[in-house]
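**Student:** Let me see the structure of the following:
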Amino acid sequence: MKRADVPLWLDESNVIFRRGMADCLTGAGFTVVGESARLPPEPELGAAALLLTAADGAGAGLDGVARLVAARPVPLLGLLESALPELVRPALEHGFTGLLVRAEMTPDSLVAAVDAVASGAGSLPPAVLTGLLAGTGGEHTALRAAAAKLLARRELDVLRLLAEGSSTREIAGALCYSERTVKNIVHDTLAKLNCRTRAHAVAIVVRQGGL
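**Tutor:** Here you go, the predicted structure:
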């Protein structure tokens, strides 16, 4: 899917922050079809293929977002003030498939997250994913399920081997893939985790005891 074919609606109360995101995304090739300040005016989602909005209960709240997309479902990419489970859990339960933490967001991570959500893959920051995978107890069931959907089995296998210090060639041999396939898996995994380097992705695996 070409970025120009992904019309976006940006919903953010801070006009400077909103315009910054719009400039970043249009510069990357996306089309911004509308903007709003925490839902008023109400987004015209008939022209949008993705809604980027607050996912921490601010503004019209998560219920307001849910009502908005009930009639015209579109993928949701949310902005959070932090990666605390009490903010992440409701956002995932309300249908957000991608999340970004405001203070940690960069132009690259924003573009990568929009790419991932628009393609149906989902995108979570490393801090959020770490919390999902580390969670224990019944209250974390929904979070762990979301994390499991985010990474495919083969992506987890490649990350484990990377954590063990294996090279691309060694991983290809161990998993019976071509080296090109391994490189593609690594690229897709970094995009999903919003990581810039393999080392960053490996750090997540190590913190989880090998996932």
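
**Student:** When you work out contacts or count neighbours from here on, use the C-alpha atoms and nothing else.
**Tutor:** Noted.

**Student:** And the residue nearest the centre of the chain, what's its pLDDT?
**Tutor:** The geometric centre of the chain, computed from its C-alpha atoms, lies nearest to residue 123 (C-alpha atoms, centre = their mean), at 1.8 Å. If you check residue 123, the pLDDT there is 78.

**Student:** Would you mind measuring from it to residue 74?
**Tutor:** 15 Å (C-alpha to C-alpha, to the nearest Å).

**Student:** quick one, domains of this structure?
**Tutor:** Here the domain parsing of the chain from automatic domain parsing is 3-134+138-145, 152-207.

**Student:** Lowest average pLDDT across those?
**Tutor:** When those are compared on mean pLDDT, domain 152-207 scores lowest, with a mean of 78.

**Student:** Give me the buried stretch members for the strand or helix carrying residue 87, please.
**Tutor:** For residue 87, the host element (DSSP states H and E) is helix 85-93. Going by neighbour count (16 or more other C-alpha atoms under 10 Å), the buried part of helix 85-93 is 85, 88-92.

**Student:** what are the ranges of the strands in this structure?
**Tutor:** Assigned by DSSP state E, the chain shows strands spanning 7-11, 31-36, 50-54, 76-80, 98-101.

**Student:** For those strands, give me TSV that also has mean neighbour count and distance to residue 190.
**Tutor:** Formatted as TSV, the strands of the chain follow (neighbours: other C-alpha atoms under 10 Å; distance: least, C-alpha to C-alpha, whole Å):
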stretch	mean neighbour count	distance to residue 190
strand 7-11	23	23
strand 31-36	20	24
strand 50-54	25	21
strand 76-80	25	18
strand 98-101	26	14
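
**Student:** Columns distance to residue 174 on top of the ones you listed, output as a markdown table?
**Tutor:** Formatted as a markdown table, the strands of the chain follow (distance: least, C-alpha to C-alpha, whole Å):
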| stretch | distance to residue 174 |
| --- | --- |
| strand 7-11 | 41 |
| strand 31-36 | 42 |
| strand 50-54 | 38 |
| strand 76-80 | 36 |
| strand 98-101 | 32 |
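
**Student:** out of these, nearest to residue 168?
**Tutor:** If you check each of the strands of the chain against residue 168 by C-alpha to C-alpha, strand 98-101 wins as the nearest, at 28.5 Å.

**Student:** Could you list every helix and strand in contact with that closest one?
**Tutor:** When contacts are defined as 3 or more C-alpha pairs under 8 Å, 6 or more residues apart in numbering; DSSP states H and E, strand 98-101 sits against strand 76-80, helix 107-118.

**Student:** Most tightly packed of those?
**Tutor:** Neighbour counts averaged per stretch over these are highest for strand 76-80, at a mean of 25; criterion: mean count of other C-alpha atoms under 10 Å.

**Student:** Go through the strands of the chain and name the closest to residue 177.
**Tutor:** Set against residue 177 and scored by C-alpha to C-alpha, those come closest in strand 98-101, at 28.9 Å.

**Student:** hmm, who's touching the closest one?
**Tutor:** With contacts defined as C-alpha atoms under 8 Å, 6 or more residues apart in numbering, strand 98-101 is touched by 55, 76-83, 110, 113, 117, 122-125.
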